[in-house]
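Peer 1: quick one, structure for this:
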Amino acid sequence: MKRTTKPETGAKRLVLFDMDGTLFEHENFWRELHKALGTWEEGKKATEEWLHKDYDTLVDIVIHNLWKGKPAKPFLDLVANVKYLPGAKETVGALRRRGYELAVITSGPDALLARAKIELGIVHGVGNTLEVKDGVITGQSRHDDGNTMWPVAADNKVPIAERLCEETGCAMKDAIAIGDGRNDVKLFKAVGTSIAFNDAPPELVEIATHRVEGNDLRAILKLLP
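Peer 2: Next up, the predicted model:
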């Protein structure tokens with residue numbers, strides 16, 4: 001594990017949460033949606049081939065070829081019903097009272113992120129948009145200006161974290177990342193404090209400044225004054 005970078009006195013601190021497996025129970029929202037829509041086998045093959053090679057191609061295959069025109073109800077049901085991990089609400093509340101800025105960076109759906117913002121009081125965050133109109137998935141993955149609706153790829157969290165740090169007045173060396181997946185490796189290397197949480201893989205644990213086993217998020221509070 002790498003060493004923790006101590007913040008300067010009075011420095012603002014930003015906690016950057018992953019979402020799947022860190023705030024919410026499921027390990028991967030999109031995999032659960034594939035299963036609900038009956039597209040898991042095709043989606044698994046596309047993910048294995050394109051996730052780390054060309055994320056835009058993966059999005060095109062899934063959104064345009066597999067999900068376009070599918071009923072949106074399974075997606076909306078997942079967003080509404082997925083449960084928080086033990087201690088998530090208490091932990092976020094405690095960090096807010098301690099004066100931390102809180103944000104989420106997730107390759108999961110911004111619809112679920114919006115729920116976390118409302119229910120937990122998290123102000124900042126970036127996720128990916130699955131567009132729904134008239135009860136169906138539209139298959140649209142870009143805005144009218146051509147920019148992607150899926151800005152969070154497999155391992156590009158660092159530029160987003162840098163932007164959130166600039167917006168909140170927190171230096172990257174004073175930022176704290178909490179995650180449980182391989183897509184958090186680059187972010188962990190970029191911030192001053194990192195907490196490998198839940199069932200984190202060995203490569204994440206190795207570079208983290210802290211390791212928290214188990215899925216009760218309250219365990220991180222002893223690490224953050």
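Peer 1: where does pLDDT dip in this protein?
Peer 2: Counting by pLDDT under 70, the chain contains low-confidence ranges at 1-11.
Peer 1: how about the strands of it, start to end?
Peer 2: 14-17, 101-109, 124-128, 132-133, 136-137, 176-179, 193-197, 210-212 (DSSP state E).
Peer 1: and the angle from the second one to strand 124-128?
Peer 2: Following axes from the mean of the first three to the mean of the last three C-alpha atoms, to 10 degrees, one obtains 10 degrees for the angle between strand 101-109 and strand 124-128.
Peer 1: what pairs with strand 101-109, parallel or antiparallel?
Peer 2: strand 14-17 (parallel), strand 124-128 (parallel) (DSSP bridges).
Peer 1: export the strands of the chain to JSON lines and tack on mean neighbour count?
Peer 2: Glycine gets a C-beta too; all of them are placed from N, C-alpha and C. Formatted as JSON lines, the strands of the chain follow (neighbours: other C-beta atoms under 10 Å):
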{"stretch": "strand 14-17", "mean neighbour count": "26"}
{"stretch": "strand 101-109", "mean neighbour count": "24"}
{"stretch": "strand 124-128", "mean neighbour count": "20"}
{"stretch": "strand 132-133", "mean neighbour count": "13"}
{"stretch": "strand 136-137", "mean neighbour count": "18"}
{"stretch": "strand 176-179", "mean neighbour count": "28"}
{"stretch": "strand 193-197", "mean neighbour count": "27"}
{"stretch": "strand 210-212", "mean neighbour count": "18"}
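Peer 1: so which of the ones you listed comes closest to K68?
Peer 2: strand 136-137 (6.2 Å; C-beta to C-beta).
Peer 1: packing partners of the closest one?
Peer 2: The contact analysis (3 or more C-beta pairs under 8 Å, 6 or more residues apart in numbering; DSSP states H and E) places strand 136-137 against no helix or strand.
Peer 1: and the contacts of that strand?
Peer 2: 63, 67-72, 75, 130-131 (C-beta atoms under 8 Å, 6 or more residues apart in numbering).
Peer 1: buried ones among the residues you listed?
Peer 2: Listed as buried from the contacts of strand 136-137 are 63, 67, 70, 72, 75, 130; burial here means 16 or more other C-beta atoms under 10 Å.
Peer 1: closest one of these to D54?
Peer 2: So of these, ranked by how close each gets to D54 (C-beta to C-beta), first place is I63, at 14.1 Å.
Peer 1: dump the residue contacts of the residue nearest in space to the middle of the chain.
Peer 2: For the chain, T106 is the residue whose C-alpha lies nearest the centre (C-alpha atoms, centre = their mean; 2.2 Å). T106 is in contact with 18-20, 112-113, 125-128, 152, counting by C-beta under 8 Å, 6+ apart.
Peer 1: can you pull out the helices in this protein?
Peer 2: In the chain, helices defined by DSSP state H lie at 29-37, 40-50, 55-59, 73-81, 88-97, 110-120, 157-168, 185-190, 202-207, listed in chain order.
Peer 1: format the ones you listed as JSON lines; extra columns: distance to L14.
Peer 2: Listed next are the helices of the chain as JSON lines, based on distance: least, C-beta to C-beta, whole Å:
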{"stretch": "helix 29-37", "distance to L14": "23"}
{"stretch": "helix 40-50", "distance to L14": "30"}
{"stretch": "helix 55-59", "distance to L14": "25"}
{"stretch": "helix 73-81", "distance to L14": "25"}
{"stretch": "helix 88-97", "distance to L14": "11"}
{"stretch": "helix 110-120", "distance to L14": "15"}
{"stretch": "helix 157-168", "distance to L14": "5"}
{"stretch": "helix 185-190", "distance to L14": "12"}
{"stretch": "helix 202-207", "distance to L14": "19"}
